[in-house]
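Engineer: need a 3D model of the following:
(3 chains)
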Amino acid sequence: MNIKAVIWSGLFLVLLGLYAMGEGSIFIEGARIKFAAIILVSITLYYYIDRARSGEEIYLRTIPGLKALEEAVGRATEMGKSVLFVPGISDMDQVETITGLNLLGHVAEHTAKYETSLNVPVSKSIVMEAGRDICKESYLKAGRPDLYSDDMVHYISDEQFAYAAGVNGIMEREKPAACFYLGKFYAESLMLAETGNSIGAIQIAGTGSPSQIPFFVTACDYTLIGEEFFTASAYLSKKPELVGSIKGQDIVKLLVMVFMVLTLVLNGFFQAGWIGFDILNLY
Amino acid sequence: MEAIKRIFILLGSLDRRIIFLIVGLSVLIPLLKPEWVTLPIRITPESQVMFNEMNKLNEGDKLLLSFEYGPSTKPEIHPMSIAILKHMYAKNILVYGFALWPDGNFMSTEVFSDVSDDYGKKYGTDYVNLGFRPGAEAVVKGIAADIRALYTVDLHGTPINDIPMMKDVFNIEDFDFVFSLSAGYPGSTEWVQFACDPKNIPLSTGCTSIQATDILPYVKNGQIRGILAGMPGAAEYESLVEEELQKMDINIKPGKASGMMAAQSIAHVVIVLFIILGNITYYITRKQTGKDKI
Amino acid sequence: MLFKRHIPLLIVIGVGLLTLFGHFINNTLIQSFVDKDALQWFDIIASFAMFLGALNMLKLQVIKIIKKQKNWQYSILAVVGFAFAIFAGFFYRGANFITISGIQDENLSEVAIIIAEELNETNSFNIENKIMASHDGYEIDKLFITEGNAKLFMEKLTPYVAAAELKSKSWGAHVQTKGSLFYWMFINIITPLGATMFALLAFFVASASYRAFRIRNFEATLLLVAGIILMLGRVPIGGLIPWWAVSILIIFGIGAIVAPFIKERTILLGIVGGGIVIFIITGTLMGWNQNPPYLLSIPVIQDWIFAYPAMAGSRALMIGISLGIVATSFRIIIGLDKSFLGDK
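Structural biologist: Reported below is the predicted structural model:
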């Protein structure tokens, strides 16, 4: 019997009990299910992070797009051309932008190591400042602070298509050999990817916008689909606690699937009149 | 046979610029000469549902019309806003304009000024434009909770307490329907999540074609009542509104989206033909070289 | 280290936990922070941060002009455009309007005609009614970008009105009032540019589809067929495609699915060709030319693809992405993932 699992389960029940007791006074009414879901997800994630920290080996399947990151930078180095990194058009309040900037750190380390020039046009000023910090740290860690320049990460425009036009212009003029599109994108995704394709660059894309994924899949060499993009920083850093959170995420997904099937079955029974409980009332 | 194969290979390896030129002409010619091609508009179930919901509104009901689009998506969504205003004005519904995008201010100003005079509608009593406030979800939550905490003046700087039609309006529950003209974030999803679903206010939306797949799950769940997807959706709604207004003996100018459907149809056919051509060429060249060319 | 690592980390963890669990706490102050203040603080910071970006862009473009780097001429356009937008937004209102009062009854129609001419309206009667309905002076529904033009127009009205006053819209309102300089810039420059860029997508879609939709394998064929059906079904022309063309498409689709299992190409051709002929003959005999079956219609098949497979995929992606966002946010909130601070 896994003691830790028992302890965490006990904690979950205790917290839920506390919420039920304080509902209406300390806690708001009618949010029990939401609270339970958040606690369950948090506990599951933390449980697997803890297990990974204790030394458990966690298997992660190969994600071709992430493996190709270093190869793409290497290709640019061989061809004597630059690397273009586009962290999306959203601000730092979007998790995709933060994830994109995490990956910028990894790419910047490679460009520092290989002495390849890096160009990071951004659409938001806060992203520009965060991007500069991340690149500076990466170049410092790679032992090449002399290669870093603030102008690597530069602002173009807040306006969606003005930004897309600016980035397309950079691609057409400078002809980077590797293009990374990692962040939140909207309609400009196809424009960027097609332009990159036309200049013959190797393209790696990843986004959390479901409607833009098909455009990237069509035009890019590698695409990080769905959660692959969000696991990228954990995957590349190989830190046990981060890898553990990926496993926790998968277990949460399994729980979601179990609940979906359970809801389907129980609702079916309710519709057939076999039980009096309508599980849909819970939601 | 060999000659035919060579023709296909030639056509299949056309320069991109020639393909672009043909696609451009296939869009331009029907736009310049819409009378050359007239196509019947098919009404999809989602557009019909949206129209039915809007048509259920009665004289004096309040509609919250939110503008979340800009110049780039204007051709797709602006015809929807024009058609909605015509529909609502004909039924004497009170229209309250909001915007979650800064560009929405310009779009709303344009549509209100273009349509309101034709229906004899007066600012402040028949329609009002409260304009944009920054904050995305915070604005939606603010409208759901207390409009006056967020808006003290309208778009023109008039205090909202001086606007007659704002007299009984305090939060989203005072509206009978919400319509979001959405081209991205923030948009319909935020209206569903933070205002209309929690407060049980009927919501419908008009969005770009690309966004339709993201919003359809909410439509199928009933959280959004019907959807106008892109320009085809705008054309469908325009034809439904024209039919309805003709029943009310109101003659209206034909909408722009219907006229643009011919251009979109022909462009789609041209792209499909190029895809088929490309595949025939791919098949022939693959056979000739004897190995897969990827 | 304190200011670069520990304090930012404490802020992230503190605000993150407060925003996450504050939603459940029955306290007005906390609810207000979670629902409004936290988001508005971000907007305020982002608005001020915009100066950084704008100055950075300006600096790079000006350096390009000064050093006459490659294509420096385009940088002049960038700087001029930037300066014009700042001028129209912050320095020059360009939103002058005229109010008139004290109009005698005998001059009313003349004044209405002059105003109608200026507004390019054919019917001056509406304007007459509006003037009669106004009590504290009638505001002419036109903005003049320059005072000179406004005064020129005022001179035409002065013989017929007791008082004509030239006013200007307030700062802020001038940006979104129709007819102002900023509005003119938005409608005549920004809108066509934005629409043009969005329109380019049509060409990019054409070239991407042309390159990507190839019958390489089963999945690619499925993508091709679904793409063609959706493209044709979404537009009116899809409804004009006859039932027999749809039948041919379906039989080709079935042929593509079974093709890997049939080694002899002649047999495959026979099955597909024969299937098409039999289907068309059967359909003709069953009167499908006059009354085609509901399912042999591209728009109907497109509706089904949209409503079921496409939406199932979209929902699955949304759930997966949401879980990814939850896990990433959790790592950031508990301080495990510090890569946004540059620490990997």
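Engineer: helices of the stretch 51-200 of chain B, start to end?
Structural biologist: Along the stretch 51-200 of chain B, the stretches classed as helices by DSSP state H, counting those that start in this stretch are B:74-90, B:102-115, B:137-145, B:147-150, B:188-191, B:197-199.
Engineer: just put the ones you listed in a markdown table and tack on mean pLDDT, distance to chain C and mean neighbour count.
Structural biologist: The way it works is simple: take the backbone N, C-alpha and C, and place the C-beta from them, glycine included. Shown next, in a markdown table, are the helices of the stretch 51-200 of chain B (pLDDT from 0 to 100; distance: least, Cβ to the nearest Cβ, whole Å; neighbours: other Cβ atoms under 10 Å in any protein chain shown):
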| stretch | mean pLDDT | distance to chain C | mean neighbour count |
| --- | --- | --- | --- |
| helix B:74-90 | 95 | 6 | 24 |
| helix B:102-115 | 93 | 4 | 21 |
| helix B:137-145 | 90 | 4 | 23 |
| helix B:147-150 | 89 | 8 | 17 |
| helix B:188-191 | 95 | 10 | 26 |
| helix B:197-199 | 91 | 12 | 14 |
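Engineer: and C:Leu2, which of the ones you listed is closest to it?
Structural biologist: helix B:137-145 (31.5 Å; Cβ to Cβ).
Engineer: can you tell me how far C:Phe306 sits from B:Leu245?
Structural biologist: 29 Å (Cβ to Cβ, to the nearest Å).
Engineer: repeat for C:Lys70
Structural biologist: 57 Å.
Engineer: for C:His174, same thing?
Structural biologist: C:His174 is 36 Å from B:Leu245, by Cβ to Cβ.
Engineer: for the longest helix along chain B, which helices and strands make contact with it?
Structural biologist: In chain B, assigned by DSSP state H, the helix with the most residues is helix B:256-289. Judged by 3 or more Cβ pairs under 8 Å, 6 or more residues apart in numbering or on different chains; DSSP states H and E, helix B:256-289 is in contact with helix B:2-12, helix B:16-32, helix B:74-90, helix B:230-247, helix C:191-212, helix C:218-233.
Engineer: make a markdown table from those helices and add distance to C:Phe90 to it.
Structural biologist: Shown next, in a markdown table, are these (distance: least, Cβ to Cβ, whole Å):
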| stretch | distance to C:Phe90 |
| --- | --- |
| helix B:2-12 | 55 |
| helix B:16-32 | 38 |
| helix B:74-90 | 26 |
| helix B:230-247 | 36 |
| helix C:191-212 | 21 |
| helix C:218-233 | 46 |
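Engineer: comparing these, which yields the minimum mean pLDDT?
Structural biologist: Confidence, taken as mean pLDDT, is least for helix B:2-12 of these (a mean of 79).
Engineer: who's more crowded, C:Phe306 and B:Leu245?
Structural biologist: The neighbour count for C:Phe306 versus B:Leu245, taken as other Cβ atoms under 10 Å in any protein chain shown, is higher for C:Phe306 (21 against 18).
Engineer: touching, the more buried one and B:Leu216? I think so.
Structural biologist: Yes. C:Phe306 is within contact range of B:Leu216, at 7.0 Å (criterion: Cβ atoms under 8 Å).
Engineer: report the secondary structure state of A:Val86.
Structural biologist: Look at A:Val86: counting by DSSP: H, G, I helix; E, B strand; the rest coil, its state is strand.
Engineer: cool, and A:Phe277?
Structural biologist: coil.
Engineer: what about it, distance to A:Leu266?
Structural biologist: A:Phe277 is 7 Å from A:Leu266, by Cβ to Cβ.
Engineer: C:Gly283 too?
Structural biologist: 45 Å.
Engineer: what do you get for C:Ile65?
Structural biologist: Counting by Cβ to Cβ - C:Ile65 and A:Leu266 are separated by 69 Å.
Engineer: what about the nearest residue to C:Val12 once chain neighbours are set aside, is that helix, strand or coil?
Structural biologist: Nearest residue to C:Val12, sequence neighbours excluded (Cβ to Cβ, 6 or more residues apart in numbering or on different chains): C:Ile332, at 6.5 Å. Recorded secondary structure, C:Ile332: helix (three-state DSSP).
Engineer: what about the strands in the stretch 1-150 of chain A?
Structural biologist: Secondary structure of the stretch 1-150 of chain A by DSSP state E, counting those that start in this stretch: the strands cover A:83-88, A:118-122.
Engineer: so which of the ones you listed is the most surrounded?
Structural biologist: Across the strands of the stretch 1-150 of chain A, averaging neighbours per residue (mean count of other Cβ atoms under 10 Å in any protein chain shown) puts strand A:83-88 on top, at a mean of 28.
Engineer: direction included, what does it pair against?
Structural biologist: Strand A:83-88 has the following strand partners under DSSP bridges: strand A:118-122 (parallel), strand A:178-184 (parallel).
Engineer: could you report the separation of the residue nearest the centre of chain A from chain B?
Structural biologist: Geometric centre of chain A, nearest residue: A:Phe230, 2.3 Å, by Cα atoms, centre = their mean. Between A:Phe230 and chain B the distance is 18 Å, computed by Cβ to the nearest Cβ, to the nearest Å.
Engineer: check contacts around that residue.
Structural biologist: A:95, A:99, A:208, C:321, C:324-325, C:327-328 (Cβ atoms under 8 Å, 6 or more residues apart in numbering or on different chains).
Engineer: longest helix of the chain?
Structural biologist: Just so you know, I chose chain A. Under DSSP H, chain A gives helix A:240-272 as its longest helix.
Engineer: should've been chain C
Structural biologist: Under DSSP H, chain C gives helix C:38-66 as its longest helix.
Engineer: who are the packing partners of whichever helix or strand comes after that helix?
Structural biologist: Downstream of helix C:38-66, the first helix or strand assigned by DSSP states H and E is helix C:72-86. Using 3+ Cβ pairs under 8 Å, 6+ apart, the elements in contact with helix C:72-86 are helix C:38-66, helix C:181-185.
Engineer: alright, that wraps it up for me.
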